[in-house]
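> My questions are about this predicted structure, shown below with the sequence.
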Amino acid sequence: MTLNMGPQHPSTHGVLRLELKTDGEIVADAIPHIGYLHRCFEKHAENIEYPGVIPFTDRMDYCAAMNMELGYVLAIEKLMDIRINNRVRCLRIIMAELGRIASHLIAAGTYGNDIGSFTPFLWCFRDRETILDLFEETCGARLLYNYNWIGGLMYDVKPGFEKKVLEFLDYFEPQVDNLNRLLSDNVIFIRRTAHVGILPPELAISYGVTGPNLRGSGVAFDVRRDEPYLGYEDFDFDVAVGKADYGPLGSCWDRYMVRIREVRESCKIVRQAIARLTPGDVHESVPKRVKPPAGEIYMRTECPRGELGYYIVSDGSTKPYRVKVKSPCFTVMSAFREVSRGAMIADIIAILGSFDIVLGEIDR
Amino acid sequence: MESVARILQWIPKYDQLPELARIAIPLLISCLLVFALLALMVLFLVWLERKVSAHVQDRLGPMVVGGWHGWAQTLADALKLLLKEDIVPASADRMLFKTAPFVVFLGAFTAYVVVPFGASSFVTDLNIGILYIVAASSLSVVGIIMAGWASNNKYSLYGGMRAAAQIISYEIPAAMSIMTVVIYAGSLSMVDIVNAQKGGIQNWFIFRNPFIFLGFIIYFIASLAEVNRTPFDIPEAESELVAGFHTEYSGMRFAFFFLAEYANMYLVAAVATALFLGGWTQVLPASVAPQFLPGPILFLLKSLALIFLQMWVRWSLPRLRVDQLMYLSWKILLPISLVLILGAGWLAV
């Protein structure tokens, strides 16, 4: 039987369409069909001046907009050779890591929902709410920020921001243990995920899978550590990897757990960045007119969903000649068909959820 | 039924009615009474579920409609569902599609006929009472399969098939664990079973011997599966099958499925109360504490405690997969319940 799952379905994480060839509860083949959220980002970018592209990058991965725009502005800054001061650098790291926590909270919460437990979903959203409040206080937007500017930031943070962030971290870190008690260490949850959706390290590398999905397969590769940007090399954090605690390496549980471990690492980074925050002007190196010299640049950053690459070609005008995005969700989606072969219908949802895709970024 | 008949005696010339009417009228009245109470109960349970889930999830739940903690929210929802358009998909099997909700509801409701809410508040006392409940409550699976098939929707079909497999598998351990009680009570009649537990908490079957205690746990797990609640809600698994067998239903027909689900939920709690927790009998013996709470209230409190447990489980646990569900039933619960029957029988002799 051919079961058409999506594009309107409660757990395809947006508008993904899966064509399932089923035999009873067993899925012989799962063919993903993408493109329902295609918004011509790359073509749009060619017709807008450089700073105008930033809001469009927000709309790619709307769960981690801070990290999306960060990659873009870093690429342009590298192209124009702009140096940023320490305050901008630390604030960007704080925002990016808070964005990562918020994004991983969505991933963990919706994953609980995919497995059939609704409570973790709301617990995660409750904690994510505080982060969104912090973002809103800083730049006025809760989801699509346009906060990172080329050469600086939109606004400096409000007085007392550091204190609020630290308060949040003090509250939040025990909540991670609570979430583990409720969901991660639950026997049913482990049984549903630990032997499902095995993505072996070799397969993950051959498909070009990145980010938590790659680390879930036990490959310790993180752009923040292995090709540092923004001075991540000065920060002390561990690269979380899957340890095959309950099943073969690279299972859904490993990928899920990598995100939970990364949330803790992000908390560590935010604390260090706050300690290093020095006074300064966030508009200090914002150029009056963004007109990079002709040339091309490739910049990759570690987004919550993996390695996001911007390939930008400049012809010396005020508009980019070409902006190409290397999407982490797209690459992991290409491995989906192979990973999900022979799984059950419930496993399809478990695998899809563990990949933590955002369709806005796949389709762009 | 007897108490209704006694009240009817006060009506002048009641004795002059034909024999058949004197049986039928009180029966009808008591059935209607149970039905009305059941409908009220379901309204309350839906509200309770929303409140319990909300507090588990750090929310408040309905707070506006009706004033005090949104008590009238379910009333408003029921009214809304009544006013909704009754949609029948073009490709559906119309007759089956339309009757399925009522069959499901019938299965849930008919079983209530023998549930003893109090020493004299029950519709009738069949001498095969518990057997009747097991039989009647499995009627609803027919309705679920009908709904799944008639909707002509692949998700519904999956839901219906899953429901059939699940309910049939879990009926066996549930019935087996009921047997442990039946062996002890020496009767299948619900009233006799409750009467055998009179005299305080130490006489409740759950605390009589360890085998029945384990039997209670198995019955509770199996009953969760029978009423399709998390962690066994695979027939309507939202994240996989959208809404399972009732995907295509809307308006009042959907409300009937909902009504049946909650009626079934209360049914298994009521049966567990009657069989294991002493039904309407007092918690403490008369020699220890004054017995001021009437039986039906005690019954209600005990069954609501079980309902709360069901809700608590639902909002804490993830869902099992189909094969794990079958594994649990056939390879774990069934062998254990067979051993329990042996053990209970051995202790009873």
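Ah, there it is. Residues are numbered from 1 along each chain as shown, chains lettered A, B, ... in the order given.
> alpha carbons only for contacts and neighbour counts from here, please
Fine.
> Now do the strand or helix carrying residue A:68: which elements does it pack against?
Assigned by DSSP states H and E, residue A:68 belongs to helix A:65-80. Secondary-structure packing of helix A:65-80 (3 or more C-alpha pairs under 8 Å, 6 or more residues apart in numbering or on different chains; DSSP states H and E): helix A:54-58, helix A:86-115, strand A:148-149, strand A:295-303, strand A:306-314.
> of all the ones you listed, which lies closest to residue A:282?
helix A:86-115 (5.6 Å; C-alpha to C-alpha).
> Find out how far that closest one is from the centre of the chain, if you would.
Per C-alpha atoms, centre = their mean, to the nearest Å, the displacement of helix A:86-115 from the mean C-alpha position of its chain is 7 Å.
> Could you list the low-pLDDT ranges of chain B?
Applying pLDDT under 70 to chain B flags the ranges B:1-3, B:5, B:14, B:121, B:237-239.
> centroid residue for it?
residue B:267 (2.0 Å; C-alpha atoms, centre = their mean).
> In three-state terms, label whichever residue of chain B sits closest to chain A for me.
Nearest to chain A in chain B, going by C-alpha to the nearest C-alpha, is residue B:318, at a distance of 4.1 Å. When classified by DSSP: H, G, I helix; E, B strand; the rest coil, residue B:318 comes out as coil.
> angle of the helix holding residue A:68 against strand A:295-303?
Counting by axes from the mean of the first three to the mean of the last three C-alpha atoms, to 10 degrees, helix A:65-80 lies at 150 degrees to strand A:295-303.
> quick one: contacts of helix A:65-80?
For helix A:65-80, contacts defined as C-alpha atoms under 8 Å, 6 or more residues apart in numbering or on different chains pick out A:54-55, A:57-61, A:83, A:92, A:95-96, A:99-100, A:143-151, A:291-293, A:295-301, A:303-304, A:308-310, A:312.
> Can you show me the strands along chain B?
Read by DSSP state E, chain B holds no strands at all.
> which bits of it sit near chain A?
Within chain B, the positions adjacent to chain A are B:53, B:56-58, B:154, B:230-231, B:237-240, B:242, B:315-321 by C-alpha under 8 Å from any C-alpha of the partner chain.
> What is the burial count for residue B:15?
Applying other C-alpha atoms under 10 Å in any protein chain shown, we find 12 residues neighbouring residue B:15.
> Let me know whether it touches residue B:9 as I believe.
Yes. Between residue B:15 and residue B:9 there is a contact under C-alpha atoms under 8 Å: 7.2 Å.
> residue contacts, residue A:18?
Here residue A:18 is in contact with A:4, A:5, A:6, A:7, A:30, A:31, A:32, A:33 (criterion: C-alpha under 8 Å, 6+ apart).
> sorry, back to before: of the contacts of helix A:65-80, buried ones?
A:54-55, A:57-61, A:92, A:95-96, A:99-100, A:143-151, A:291-292, A:296, A:298-301, A:303-304, A:308-310, A:312 (16 or more other C-alpha atoms under 10 Å in any protein chain shown).
> Can you narrow these down to the ones near chain B?
Of the buried ones among the contacts of helix A:65-80, not one also sits near chain B (C-alpha under 8 Å from any C-alpha).
> Strands along chain A, start to end?
For chain A, the strands defined by DSSP E cover A:2-5, A:17-23, A:26-33, A:148-149, A:152-153, A:295-303, A:306-314, A:320-326.
> Redo the ones you listed as CSV? Include mean pLDDT.
Compiled in CSV, the strands of chain A are given as follows (pLDDT from 0 to 100):
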stretch, mean pLDDT
strand A:2-5, 83
strand A:17-23, 86
strand A:26-33, 87
strand A:148-149, 86
strand A:152-153, 86
strand A:295-303, 89
strand A:306-314, 89
strand A:320-326, 88
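> so which of those strands comes closest to residue B:175?
Of those, nearest to residue B:175 by C-alpha to C-alpha is strand A:26-33, at 30.5 Å.
> Give me the phi and psi angles of residue 243.
With no chain named, the answer covers chain A. phi -120, psi 10 (degrees, to the nearest 10).
> Switch to chain B, please.
According to degrees, to the nearest 10, residue B:243 has phi -130, psi 20.
> Quick check: the residue of the stretch 1-150 of chain A nearest chain B.
residue A:117 (4.1 Å).
> Which residues are in contact with the nearest residue to that residue once chain neighbours are set aside?
Nearest non-adjacent residue to residue A:117, counting by C-alpha to C-alpha, 6 or more residues apart in numbering or on different chains: residue B:318, 4.1 Å away. The contact partners of residue B:318, taken as C-alpha under 8 Å, 6+ apart, are A:112, A:115, A:116, A:117, A:118, A:183, A:188, A:189, B:230, B:231.
> do the same with residue B:193
Counted by C-alpha under 8 Å, 6+ apart, residue B:193 has contacts B:182, B:185, B:187, B:274, B:275.
> How many residues are close by residue B:6?
11.
> got it, and residue B:79?
Neighbours of residue B:79 (other C-alpha under 10 Å): 13.
> What distance do you get for it to residue B:39?
14 Å (C-alpha to C-alpha, to the nearest Å).
> swap in residue A:57?
Taken as C-alpha to C-alpha, the span from residue A:57 to residue B:39 is 53 Å.
> For the longest helix seen in chain B, buried residues please.
The longest helix of chain B (DSSP state H) is helix B:19-56. Residues of helix B:19-56 classed as buried: B:22, B:26-27, B:30-31, B:34-35, B:38-39, B:41-54, B:56 (neighbour count, 16+ other C-alpha under 10 Å).
> and if you look at stretch B:211-228?
B:211-216, B:218-228.
> Now do the same contact list for residue 297.
Using chain A here. Contacts of residue A:297 by C-alpha under 8 Å, 6+ apart are A:75, A:78, A:79, A:310, A:311, A:312, A:313.
> let's do chain B instead
residue B:280.
> so what's residue B:192 up against?
Contacts of residue B:192 by C-alpha under 8 Å, 6+ apart are residue B:185.
> Look at residue A:115 and say how many residues are nearby.
Residue A:115 has 29 nearby residues by other C-alpha under 10 Å.
> ok, now which ones touch it?
Applying C-alpha under 8 Å, 6+ apart, the residues near residue A:115 are A:189, A:192, A:349, A:350, B:239, B:318, B:319.
> which bits of chain A sit near chain B?
A:3, A:9-11, A:112-120, A:122-123, A:182-183, A:186, A:188-189, A:192, A:345-346, A:349.
> Could you rerun that using 7 Å?
For chain A, the residues in contact with chain B (C-alpha under 7 Å from any C-alpha of the partner chain) are A:3, A:9-11, A:114-119, A:122-123, A:188-189, A:192, A:346, A:349.
> Wait, residue A:124 touches residue A:103, no?
No. Contact criterion C-alpha atoms under 7 Å: residue A:124 and residue A:103 do not qualify, at 10.0 Å.
> ok, now which ones touch residue B:187?
Applying C-alpha atoms under 7 Å, 6 or more residues apart in numbering or on different chains, we find residue B:187 in contact with residue B:193.
> Please tell me how far it sits from residue B:178.
Residue B:187 is 11 Å from residue B:178, by C-alpha to C-alpha.
> One more: residue A:121?
Taking C-alpha to C-alpha, one finds residue A:121 at 37 Å from residue B:178.
> which of these two has more neighbours?
residue B:178 (26 against 21).
> Could you tell me which residues make contact with that one?
With C-alpha under 7 Å, 6+ apart, residue B:178 has no contacts at all.
> and what of residue A:210?
Residue A:210 neighbours (C-alpha under 7 Å, 6+ apart): A:306, A:307, A:328.
> ok, and the closest non-adjacent residue to the last one?
Setting aside the residues directly before and after it, residue A:328 is nearest to residue A:306 in space (C-alpha to C-alpha, 6+ apart), at 5.1 Å.
> What residues are bridge-paired with that neighbour?
On the basis of DSSP bridges, residue A:306 is bridged to residue A:303.
> Check the burial of it by counting its neighbours.
23.
> Tell me who's in contact with the closest residue to residue A:26 other than its chain neighbours.
The shortest distance from residue A:26 to any non-neighbouring residue, by C-alpha to C-alpha, 6+ apart, is to residue A:344 (4.4 Å). Applying C-alpha under 7 Å, 6+ apart, we find residue A:344 in contact with A:25, A:26, A:27.
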